[in-house]
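Peer 1: Build the 3D model from these lines:
(2 chains)
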Amino acid sequence: MSQSLTLNKISKFMGLGFISTLKDLFSGNLGKQDYLKILRKFIVPILSIFLFIGIWHLGAKALYNKEAEFKIEKALTEQGQAAADALKACIASGDISCQPNTLPSPSQVWASYKSLLDDHFLIRADKLAFKEKTAALNEKRVAEGKDPIVYTGRPSFVDQIFRSLKTVFAGFFLALLIAVPLGIFIGLSPTLKSAFNWFIQIFKPVSPVVWYLLVFMIVKTLLIDSSEDSSFTISFISVGLCSMWATLVNTAMGVSTVDKDYINVAKVLKLGPFQKVFKVVLPSSLPLIFTGLKITLSVAWMVLIAIELLAQSPGLGLFVWEEFQNGANDSNAKIIVAMFVIGIIGFLLDRLMLFIQNTVSFDKTDAI
Amino acid sequence: MITQTQNITENGIIFPSEDVMLDLKDLKKVYPTPKGDYVVLENLNLQIKKEEFVTIIGHSGCGKTTMLSMIAGLNEISGGNISVLGNHIKGPGPDRGVIFQAPSLMPWMTALQNVLLGVNQVFPHATKSQRNDIAKYYLQKVGLEDAFNKRASELSQGMQQRVGIARAFAIKPKVLLLDEPFGMLDSLTRGELQDILIEIWNKEKITAVMITHDVDEAIFLADRVVMMTSGPRAKIGDVLSIDFERPRTRKAVLEHDDYYKYRKHLIDFLEH
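Peer 2: Residues are numbered from 1 along each chain as shown, chains lettered A, B, ... in the order given. Next up is the predicted model:
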């Protein structure tokens, strides 16, 4: 009983209410109402997924045919019948050298996903083997005071996901460290608010690309005498600066709109400024601060891709860009795989924030 | 002398100064509006004795709450002055405890933490366990011994207001200000809380000023009922002494011969 309660609670907490319905399905205690619920919560989404894949498949096929016909037509007018026939036969045979380069079909994307995973395991094995091989040598080098030899092979797709997550969390924490304290000060003092308002209004709408360029200008000069690769530093700072605005605005608003009753209590009890902020103002504005942080994290994840691409910082953004430049026959499929991975991780990050918000904040009612 | 009334529109009754806890002199409150000044209170004079329980009734919007929040120091004084034991007040302070109309507890804190918030502030030199004992003592007094560690957001409105009462008494103020503390409660809970309030009050005898809309509540709790005229320029219209003996029980008060005379007096004033 208590176990099922906690399961319900946790799944509700994370906005994954369907899990508890799923449990009911297996425990077998269902009424008519529950069947309707299952229909709405499982059958309909699953059907819509199949419909989506079906439309995608047909669309991809239509695009494929259009491009193939165009290519054959072109070969016919430019090189004559023989070349056109050869190309037709080549396309029909499935040879990768002459395939039309267009929207990949769902099955191609799935194949690419598997090949990316296989590639990851290959690289991992390679890395492990390398580590084993160099372990003895490295020990000797460290003992002699030299730097150990590190693996410098290309990163796998999964490695790049983790690099992206690292960048996004570094940027997120930078945003948190700047925006929350600043927001508190702005919310508490109308003077500071008017001092910063123009700044917020003007810089909030600036595009990620421009932030990147600004950070690049500054960081490049700051790290001019360092030989290390600054692309990670530049990209996480840009991500932080792009995404901090929602938290800044929400924190300031939360702090400046604390319930007047609470402020009156603080006044009557003559709480000092420190106590007032930490015992009254901050706890009461936590729901709004967390709403801001949730937006910040999703914005950070969204701009990350563009910024990695610009900064040439390893990660999903760079992966997408390199695949696009690469133009190999499965590049498009890999880009779509990355697109799904980006979407799913974005969704999970959002749920993670919701979970933290529900755990930390006192007000359980206004979680969205 | 059943309905002993004093007309104090001009100067108010003068008590010997050593008996006076709270003194409002020529109090005035003006809100500037685009159409000119709006005078809420004017020439308001009221003296409240030590260990006296005064209730204030009057029509909605007449400025009762404005007056109380001025005494609490939460609202600026436009003219005249307010003094506690002869000292003019400057802003809010823990010498004047307030029980607000909404319980105004911090919903993220437990009942105990809410009471401790004030206790820690007023008794900074006491040990932690002493402060805990004070807070727990008052929570027990309001009947919440089982809810020390419940979050305020989990308590019913009536229980929250009990915590509000405990919080106000626990800081041992010189004056207790109550702004319609039971106005949002159902009549059954209201009766319960009146009993709890008067029980603690009988023990602590803290000078109390309470706003209410409820004529029966005003009579049951008070030594004097102060009637305010309707605004603008509201002032003290009439004062009625309630001469029931203390400690009072609701039953004894309701059965007392004078009860309906008091009641009629107040209702006549309000309907006038």
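
Peer 1: can you pull out the helices in the stretch 1-150 of chain B?
Peer 2: Counting by DSSP state H, counting those that start in this stretch, the segments of the stretch 1-150 of chain B that form helices are B:64-72, B:111-122, B:128-141.

Peer 1: I'd like those laid out as TSV, including distance to chain A, mean neighbour count and mean pLDDT.
Peer 2: Every C-beta, even on glycine, is put in place using the N, C-alpha and C of the backbone. TSV is the format used below for the helices of the stretch 1-150 of chain B (distance: least, CB to the nearest CB, whole Å; neighbours: other CB atoms under 10 Å in any protein chain shown; pLDDT from 0 to 100):
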stretch	distance to chain A	mean neighbour count	mean pLDDT
helix B:64-72	6	22	92
helix B:111-122	5	23	92
helix B:128-141	13	17	92
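
Peer 1: Let me have those helices in JSON lines, extended by distance to residue A:259.
Peer 2: JSON lines is the format used below for these (distance: least, CB to CB, whole Å):
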{"stretch": "helix B:64-72", "distance to residue A:259": "16"}
{"stretch": "helix B:111-122", "distance to residue A:259": "14"}
{"stretch": "helix B:128-141", "distance to residue A:259": "23"}
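
Peer 1: Residue A:281 is nearest to which of the ones you listed?
Peer 2: Shortest distance between residue A:281 and these, using CB to CB, is found for helix B:111-122: 13.3 Å.

Peer 1: I'd like the distance from the closest one to the chain centre, please.
Peer 2: Between the centre of helix B:111-122 and the centre of its host chain there is 20 Å, according to CA atoms, centre = their mean, to the nearest Å.

Peer 1: Flag the shaky bits of the chain, pLDDT-wise.
Peer 2: In the absence of a named chain, chain A is used. Within chain A, the stretches with pLDDT under 70 are A:1-30, A:362-368.

Peer 1: that's the wrong chain, I wanted chain B
Peer 2: Checking chain B against pLDDT under 70 turns up B:1-14.

Peer 1: Name the residues of it found near chain A, please.
Peer 2: For chain B, the residues in contact with chain A (CB under 8 Å from any CB of the partner chain) are B:72-74, B:91-94, B:96-98, B:100, B:102, B:104, B:106-109, B:117-118, B:121-122, B:151, B:153, B:171.

Peer 1: ok, now with 7 Å
Peer 2: B:72, B:74, B:92-94, B:98, B:100, B:102, B:104, B:106-108, B:117-118, B:121, B:153 (CB under 7 Å from any CB of the partner chain).

Peer 1: List buried members of those residues by neighbour count.
Peer 2: A residue is treated as buried here by neighbour count (16 or more other CB atoms under 10 Å in any protein chain shown); on that basis the buried members of the residues of chain B next to chain A are B:72, B:74, B:92-94, B:98, B:100, B:102, B:104, B:106-108, B:117-118, B:121.

Peer 1: Alpha carbons of stretch B:207-216, as CSV, please.
Peer 2: Extracted in CSV, the C-alpha atoms of stretch B:207-216 (Å, rounded to 0.1, in the frame of the first residue of the first chain):
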residue,chain,number,x,y,z
THR,B,207,-3.1,44.8,27.2
ALA,B,208,-5.2,43.9,24.1
VAL,B,209,-6.8,45.9,21.3
MET,B,210,-9.0,43.9,19.0
ILE,B,211,-11.0,44.8,16.0
THR,B,212,-14.2,42.8,15.4
HIS,B,213,-17.4,42.9,13.4
ASP,B,214,-19.1,40.6,15.8
VAL,B,215,-21.1,42.3,18.5
ASP,B,216,-21.3,39.2,20.7
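
Peer 1: Fine, thanks again, bye for now.
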